[in-house]
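J.: sequence first, predicted coordinates after that:
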Amino acid sequence: MRFCSTKAGEPQVSFREALLRCLPAEGGLYVPSTMVDLRHFFLYMNEGTTYPELVAAVAPALLQGELNPFAAGRAAESAFDFEPELIRLDEQYSILSLCQGPTGVFKDFGIAFLAACLEELVKGEGGCVGAGAPALAPALALSAVRGDTGVSMARAFAGRQGLIPVMLYPEGPIRGLDPADFVPAGGTIIPIQVKGSFDDCQRLVLETLRDRDFADRYAVTSANAINIGRLLPQAFYYLYAFIKIKARVKGDIVFSVPSGNLGNLMAGLYAWKAGLPVHGFIAAMNANGRAHRLLRGASAAPGEGADIEPGAEQPLVHTHSPALDVRFPSNSERLRAFCGEAPAVLRNMVFPETIDNDATLAAMRYAWERCGELLDPHSAVAFAAARRFAESPQYKGHVHVVSLATGHPAKEAALVESVTGERVPLPERLACLRKTAAPIALIEPELDALEGAIASCF
Ligand SMILES: *Cc1c(COP(=O)(O)O)cnc(C)c1O
């Protein structure tokens, strides 16, 4: 499989280069420029196939020799001591729960596999073809983080050789990290607080990656979703859902995806391109979503946001699903590139739905009362959209909707309890996310300050 920029079809680069460089020199973001047909795998896999087995089989095929079967097996085994759960509710609906990782959010899946792949790639031994390149040590994975994403990275990179995640936090408390894991204490992570917002952190990541001199000197890449290596492995759980239910569903399969920055949706579209037999994807947005035109494959007029719905400039309304409060999704560019290749596909395959607060809570209540499933509000947005779609005259009785559960209900325990009347116990692994820790440095959002803070750790 090869990758190119959303801005230019050439040059095409390897997986290794896309992961380690993160941003193409031509500008834009990396996207797959060729895709591998994975359909024959569906013949051999069945309900008994485990997630690491699936990943270990599919990843080397997808990466066509860049990750040999042994390296891919190691990466899959070491990344996933957790696996998704497919819960079939009835003839019409299933839930694909992605909350089993260390932070209870689906982002754990992409981050875990990216970290494992990066380790294989920087080890440069036996891991990958193209390993003639000198071993880079250590590579820095510079990422803007908020919420529990920093913890997800700390866990995913823990104990991995030749890699140090540098995590840029905006102002506010930093939770869930153990100071014993920080580089100055002999650990492997560098959390830095930036005087500014999350956007300032993201800007600093981009600025650093674009400063090739700096980026090459420190071998800087990123574990943010700008890295295609984080998005691509999310395609695996769509395949997994399919092999778990293929024997038990009649009719076409549709996935309902809670959509913010559209990473999860893109991963589903890549899975489709690799041969996943799926009828389409519901892009479930909350009241702040504005990407309907883009999602319908509107012929994107040049210019940022031309395909974003009017009203994008209005202030955000309060929702129960803050991760979906996104007006300008960071993966728009990838979606546009995909749509440029196959506009009709997008129009026929992606179904945008907007779910307001009342509908979100009603879906949460329905899932609990009728199906015995507790959903977090993001997952409830997807489930509400799934029901609206599957109950419509056009599709009723003809589709099976797999609705993605992207966050653990215990993370929104108060809301979930107020809606369902059910207390959600906090799993042990999520309890430690509440402890606060001090960063190793507090810096202005500037490259020099960042370099100084990194250098002071060694
Ligand atoms: C990040 C996040 C989303 C949105 O996913 P995108 O890939 O950005 O569309 C949905 N649900 C939860 C719980 C999240 O944390």
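T.: Right, received. Where do you want to start? Residues are numbered from 1 along each chain as shown.

J.: can you name the residues of the stretch 51-200 of the chain that neighbour the ligand?
T.: Residues of the stretch 51-200 of the chain lying near the ligand by C-beta under 6 Å from any ligand atom: 105, 107. From N, CA and C alone the C-beta is placed, and that goes for glycine too.

J.: where in the stretch 51-200 of the chain is pLDDT low?
T.: Counting by pLDDT under 70, the stretch 51-200 of the chain has low-confidence residues at 124-137.

J.: which residue ranges of it form helices?
T.: For the stretch 51-200 of the chain, applying DSSP state H, counting those that start in this stretch gives helices covering 51-62, 69-79, 107-123, 149-157, 198-210.

J.: pick the most deeply packed of these.
T.: helix 107-123 (a mean of 26; mean count of other C-beta atoms under 10 Å).

J.: so what does it touch, helix or strand wise?
T.: Contact partners of helix 107-123 among helices and strands, from 3 or more C-beta pairs under 8 Å, 6 or more residues apart in numbering; DSSP states H and E: helix 15-21, helix 69-79, strand 139-144, helix 149-157, strand 163-169, helix 228-231, helix 235-245.

J.: Serialize these to a markdown table and add fields for distance to Pro343.
T.: Listed next are those as a markdown table, based on distance: least, C-beta to C-beta, whole Å:
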| stretch | distance to Pro343 |
| --- | --- |
| helix 15-21 | 25 |
| helix 69-79 | 34 |
| strand 139-144 | 32 |
| helix 149-157 | 33 |
| strand 163-169 | 37 |
| helix 228-231 | 21 |
| helix 235-245 | 21 |
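
J.: where along the stretch 301-450 of the chain do the strands fall?
T.: 350-354, 399-405, 436-437, 441-443 (DSSP state E, counting those that start in this stretch).

J.: need the residues that contact the shortest one.
T.: Applying C-beta atoms under 8 Å, 6 or more residues apart in numbering, the contact partners of strand 436-437 are 173-179, 191.

J.: most centrally placed residue in the protein?
T.: Geometric centre of the chain, nearest residue: Lys107, 4.7 Å, by C-alpha atoms, centre = their mean.

J.: for the stretch 351-458 of the chain, give me the ranges with low pLDDT.
T.: Looking at the stretch 351-458 of the chain by pLDDT under 70, you get an empty list.

J.: what residues does it have near the ligand?
T.: Residues of the stretch 351-458 of the chain lying near the ligand (C-beta under 6 Å from any ligand atom): 378, 406-407.

J.: quick one: which of these is most hemmed in?
T.: Counting neighbours by other C-beta atoms under 10 Å, His378 leads these with 28 neighbours.

J.: number of residues surrounding the nearest residue to Phe15 once chain neighbours are set aside?
T.: Among residues not flanking Phe15 along the chain, Glu66 sits closest, at 4.6 Å (C-beta to C-beta, 6 or more residues apart in numbering). As a burial measure, Glu66 scores 26 neighbours (other C-beta under 10 Å).

J.: isn't Glu66 up against Ser14?
T.: Yes - Glu66 is within contact range of Ser14, at 5.8 Å (criterion: C-beta atoms under 8 Å).

J.: so who does Arg388 touch?
T.: 353, 355, 359.

J.: circling back to that earlier point, okay if I get the helices of the stretch 51-200 of the chain as JSON lines plus distance to Leu442?
T.: Output for the helices of the stretch 51-200 of the chain, formatted as JSON lines (distance: least, C-beta to C-beta, whole Å):
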{"stretch": "helix 51-62", "distance to Leu442": "38"}
{"stretch": "helix 69-79", "distance to Leu442": "32"}
{"stretch": "helix 107-123", "distance to Leu442": "25"}
{"stretch": "helix 149-157", "distance to Leu442": "15"}
{"stretch": "helix 198-210", "distance to Leu442": "13"}
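
J.: which one of the ones you listed lies nearest to Ala367?
T.: Counting by C-beta to C-beta, Ala367 lies closest to helix 107-123 out of the helices of the stretch 51-200 of the chain; the figure is 21.8 Å.

J.: next, the angle helix 149-157 makes with the closest one.
T.: Following axes from the mean of the first three to the mean of the last three C-alpha atoms, to 10 degrees, one obtains 40 degrees for the angle between helix 107-123 and helix 149-157.

J.: can you give me how far helix 107-123 is from the chain middle?
T.: The chain centre lies 13 Å from the centre of helix 107-123; the measure is C-alpha atoms, centre = their mean, to the nearest Å.

J.: could you do stretch 20-27 as well?
T.: Offset of stretch 20-27 from its chain centre (C-alpha atoms, centre = their mean): 19 Å.

J.: just to check, Arg296 is in contact with Asn348?
T.: No - between Arg296 and Asn348 there is no contact under C-beta under 8 Å: 10.0 Å.

J.: compare the two (neighbour count), which wins?
T.: Taking other C-beta under 10 Å, Arg296 and Asn348 do not tie; Arg296 has more neighbours (17 against 13).

J.: number of residues surrounding the nearest residue to the more buried one once chain neighbours are set aside?
T.: Of all residues not flanking Arg296 in the chain, Arg347 sits nearest, at 5.9 Å (C-beta to C-beta, 6+ apart). For Arg347, the neighbour count with other C-beta under 10 Å is 14.

J.: let me know whether Arg347 touches Leu295 as I believe.
T.: No - taking contacts as C-beta under 8 Å, Arg347 lies outside contact range of Leu295: 9.3 Å.

J.: between these two, which contacts overlap?
T.: Counting by C-beta under 8 Å, 6+ apart, nothing touches both Arg347 and Leu295.

J.: point out where the stretch 201-350 of the chain drops to low pLDDT.
T.: Along the stretch 201-350 of the chain, the parts satisfying pLDDT under 70 run over 298-306.

J.: would you mind naming what in it lies close to the ligand?
T.: Counting by C-beta under 6 Å from any ligand atom, the stretch 201-350 of the chain sits next to the ligand at 258-264, 323-324.

J.: ok, now with 5 Å
T.: By the rule C-beta under 5 Å from any ligand atom, the part of the stretch 201-350 of the chain lying against the ligand is 258-264, 323.

J.: out of those residues, which is nearest to Glu91?
T.: Pro258 (22.8 Å).

J.: relative to Leu231, how far out is that closest one?
T.: Going from Pro258 to Leu231 by C-beta to C-beta, to the nearest Å gives 16 Å.

J.: between these two, tell me which one has more neighbours.
T.: Using other C-beta under 10 Å as the criterion, Pro258 and Leu231 rank with Pro258 on top: 31 against 24.
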